[in-house]
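**Student:** Sharing a model that was predicted from the sequence below.
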Amino acid sequence: GKWPDDVECIKRLKTAFYLKIVQVLREDHGLVAYTHVEYLDVLYKGFVFRLFVYTMNELLSMKTNINEIGVKVTNDTKESLAYEKILLHSGQLTSVVHGLQQSFNCFSGVCRLAKRWLSSHFLLEYFEEEAIDLICASIFINSYEPPRSLINGFIQFLNLMANFDWKNQILLVNFNKELKKQQILDIQVKFQENRSQLQPVFILTPYDSRDKGSIWTIEKPNIQQLCRTVIIAKQSLNKVKNCVINFETNDSFKNIFRPNLAIYDVIISLNAALCVRAFQKVDICKGTFLPRYRTYDSTDNDKTLPVVGFDPVELYVKELREAFDEIALFFYDVYGSTKVYVLWKPDALKQKELKINNAKYRLIDINTNEFVLNLEAIIEDFKIIGNELVENVTVKNESSIFK
């Protein structure tokens, strides 16, 4: 059909499609469906499916801009890359990963355990989840003897993260051996020539750009995030070895999912009853709310759509980051965290000259006549933003923060 060239016009047209689709699903199929500006939700056999419309026209419109002399130019933008991932790459990756799961039953379990480990150490946001799938896939494709158990695969994942030469080597994930030997050699030569301009984690599949590598690692992790992941992977690997050597219990093995919390300056404790994923914690406390599921009944006439994608902790952390990004870093475990951990940025702790542009988050120290971090007000803001979600805020070693 004829699509408009303007991105906003395309979005409005897509919304019209959603409205029509919802009408058909309701009237012709009796399904529970609701539309939103950017997507539609459908309840089908007890599951809610969120549907999006993606078009090549919209992607091209995102990439097209008018330069200063009035000429149309095409450039990648952050928005277009995110759109391209879903439109062109996500489906293809899903297909090959599904094929790998058909060959190795423990593959999906290894991926889930890897993501659980990353999240427990507050590292999951450093990686696209698809990148983690590719790293796990390399273990099964590149190993002389692929892992046949979930634990074996997970240990190999830790070993890869800890010991792979990320600086000098390409992590090749050669699905179906589509890349031939000479192609791989040529790619490696180009990689060495342009290494300083490429992302820290360079993963390559047969479906990626030979020059840019995997689209799933272009934006993250950065070098600092990768180094931190490598360090924690080495520590976890050593803990696993000690468990095996000393015949320790399963609880000792769980220590690799328990992060070092001593480095954080502030701990925000949350109301577990309002944390919808609290039951997914590594260490579940007595009295933790466990969700109850009922069997799907096709004769149920309830037309109510269940609450979908609502995570108060995620929304709270997002708001904290938007408000205090200049002075603090916020960490939490996506899977079940009932605490948010705060680390002050080094520059935030420094005293500042009495200038207007230094006044944000600060008050005047009458002894030095300079701006210092207004810790008391910031902590109060943490509570106000979280409202009933926040139970208490603990400041660790307050006296040592401003040394």
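**Tutor:** Everything's here; your move. Residues are numbered from 1 along each chain as shown.

**Student:** Now for the nearest residue to T304 once chain neighbours are set aside: which residues touch it?
**Tutor:** With sequence-adjacent residues excluded and distances taken as Cβ to Cβ, 6 or more residues apart in numbering, T304 is closest to V32, at 7.4 Å. Where you see a C-beta, it was placed from the backbone N, CA and C, and this is true even at glycine. Counting by Cβ atoms under 8 Å, 6 or more residues apart in numbering, V32 touches 26, 42-43, 303-305.

**Student:** And I223, by the same measure?
**Tutor:** Residues near I223 by Cβ under 8 Å, 6+ apart: P200.

**Student:** give me phi/psi at it?
**Tutor:** Phi and psi for I223, reported as degrees, to the nearest 10, are phi -60, psi -40.

**Student:** I'd say Y34 and K303 touch.
**Tutor:** No. Assessed by Cβ atoms under 8 Å, Y34 is found out of contact with K303, at 10.0 Å.

**Student:** one step back: relative to I218, how far out is the residue nearest to T304?
**Tutor:** 38 Å (Cβ to Cβ, to the nearest Å).

**Student:** likewise G91?
**Tutor:** 19 Å.

**Student:** Could you check which of the two is surrounded by more residues?
**Tutor:** I218 (19 against 10; other Cβ atoms under 10 Å).

**Student:** Ramachandran coordinates for that one?
**Tutor:** phi -70, psi -40.

**Student:** On the three-state scheme, the closest residue in space to it that isn't next to it in sequence is what?
**Tutor:** Ranked by Cβ to Cβ, 6+ apart and with sequence neighbours excluded, the top spatial neighbour of I218 is Q199, at 5.6 Å. Classification of Q199 using DSSP: H, G, I helix; E, B strand; the rest coil returns coil.

**Student:** Surely Q199 is in contact with T217?
**Tutor:** Yes. If you go by Cβ under 8 Å, Q199 and T217 touch, sitting 5.3 Å apart.

**Student:** neighbour count winner among these two?
**Tutor:** T217 (25 against 18).

**Student:** Distance of the residue lying closest to the more buried one once chain neighbours are set aside relative to L51?
**Tutor:** Ranked by Cβ to Cβ, 6+ apart and with sequence neighbours excluded, the top spatial neighbour of T217 is V201, at 4.5 Å. Per Cβ to Cβ, V201 is found 32 Å from L51.

**Student:** Neighbour count: the two, which is higher?
**Tutor:** The neighbour count for V201 versus L51, taken as other Cβ under 10 Å, is higher for V201 (25 against 14).

**Student:** List the residues that contact the more buried one.
**Tutor:** Taking Cβ under 8 Å, 6+ apart, we find V201 in contact with 131, 166, 171, 217, 221, 226.

**Student:** Which one (most neighbours) among those residues?
**Tutor:** In terms of neighbour count, T217 stands highest of these at 25 neighbours, by other Cβ under 10 Å.

**Student:** quick one: that one and I203 touch, right?
**Tutor:** Yes. Between T217 and I203 there is a contact at 5.5 Å, judged by Cβ under 8 Å.

**Student:** hey, where'd the strands end up in the stretch 1-150 of the chain?
**Tutor:** For the stretch 1-150 of the chain, the strands defined by DSSP state E, counting those that start in this stretch occupy 32-35, 40-44, 47-51, 64-66, 72-74.

**Student:** got a markdown table for the ones you listed, with distance to A273 too?
**Tutor:** Shown next, in a markdown table, are those (distance: least, Cβ to Cβ, whole Å):
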| stretch | distance to A273 |
| --- | --- |
| strand 32-35 | 27 |
| strand 40-44 | 26 |
| strand 47-51 | 23 |
| strand 64-66 | 49 |
| strand 72-74 | 51 |
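
**Student:** quick one: which of those strands is nearest V313?
**Tutor:** Among the strands of the stretch 1-150 of the chain, the nearest to V313 by Cβ to Cβ is strand 47-51 (20.3 Å).

**Student:** and the closest one with strand 40-44, angle?
**Tutor:** Interaxial angle of strand 47-51 relative to strand 40-44 (axes from the mean of the first three to the mean of the last three Cα atoms, to 10 degrees): 150 degrees.

**Student:** quick one: buried residues of strand 47-51?
**Tutor:** V48 (16 or more other Cβ atoms under 10 Å).
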